[in-house]
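>>> for reference, the sequence and a predicted model appear below.
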Amino acid sequence: MGISDVELFSLSPIPMPTGTFTNAWITESAKILFRGGTPPNANKFRLCLANTATLSRASSLADFIANELLPTNGYTRASANFGSDGSYDSTDQRHELPTINASFSASGGSLQFQTAFLIADSSAVASKSFTNSNVNASTDRITITSHGFVNGDKLVFTADALATLPSGITASTIYQVASVTTNDFQLQPNGGGSTIDITDTGSGTFRARSANGIVVAYATESNPITVSSGQSYSYQIPLVVLNAGYVNGV
């Protein structure tokens, strides 16, 4: 064709970390553009924070989710929705989407992170905690009061320090919620199948981390960022689509 579309992504404050689209999102974009795939819900883009783990454009969804901050000290996923379709800039020959503003505030303790990542078609709640006493190895059910999950939701499980996950559940692996009731559920492999056989309850405290959606892009700070209690840290996300054969401006 001689022409290709390139999406530019950046996160700021200053100094501005380099934003990179994930391999998964590039593939998904191609399916949407050329094969009529279903685009993500415009109201379910969220900006998330991850710890100091090394993440790359080839990292899996499970990798990002397993290293997302826990919902403590005020951390929640920040809404990052596009307010409009934006407009075409005829001078720079690119389509500019509205700049997204997202802010994180610490309370009751500090937040430390090094990577921010944008996820599409995501759930608002990052994760929910439960303990080995909430696991029934006889019925393969996990109890979390008013968990809010529905059949088909994707989850990744991690164990807190000194904890051991129940046998049958593998850390940083995506599972699918099944046989949901208000307060408990079973698990299936991602994509469906037989119920996961939980053979013991493990020990300690665990996290059921929401893995719905797809990671669009990420940006890694050069050094870990600590947000002290009572303070906030904000990002601006400008996103443009341009003709790779005509680059004028930034």
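Sure, I can see it.

>>> helices along the chain, start to end?
Assigned helices in the chain, in chain order: 23-35, 61-66 (criterion: DSSP state H).

>>> average pLDDT for stretch 205-225?
The pLDDT scores in stretch 205-225 average 96.

>>> would you agree Thr164 is in contact with Gly202?
Yes - look at Thr164 against Gly202 with C-beta atoms under 8 Å: they come within range, at 4.8 Å. Any C-beta I mention is one placed from the backbone N, CA and C, and that applies to glycine too.

>>> more neighbours: the two, which one.
Taking other C-beta atoms under 10 Å, Thr164 and Gly202 do not tie; Gly202 has more neighbours (20 against 14).

>>> now that one: how far from Thr72?
When distance is defined by C-beta to C-beta, to the nearest Å, Gly202 is 21 Å away from Thr72.

>>> do the same with Ser146
According to C-beta to C-beta, Ser146 stands 19 Å off from Thr72.

>>> those two: which has the busier surroundings?
A side-by-side neighbour count of Ser146 and Thr72, using other C-beta under 10 Å, places Thr72 first with 12 against 7.

>>> what about the residue nearest to Ser210 when sequence neighbours are not counted, distance to Phe157?
Nearest in space to Ser210, with sequence neighbours left out and distances taken as C-beta to C-beta, 6 or more residues apart in numbering, is Ser123 at 4.1 Å. For Ser123, the distance to Phe157 equals 15 Å [C-beta to C-beta].

>>> more neighbours: those two, which one.
Phe157 (25 against 20).

>>> just give the closest residue to the more buried one, not the sequence neighbours.
In space, Phe157 is closest to Ile169, 5.2 Å off (C-beta to C-beta, 6+ apart).

>>> from memory that neighbour sits against Leu187, does it?
Yes - judged on C-beta under 8 Å, Ile169 makes contact with Leu187 at a distance of 7.2 Å.
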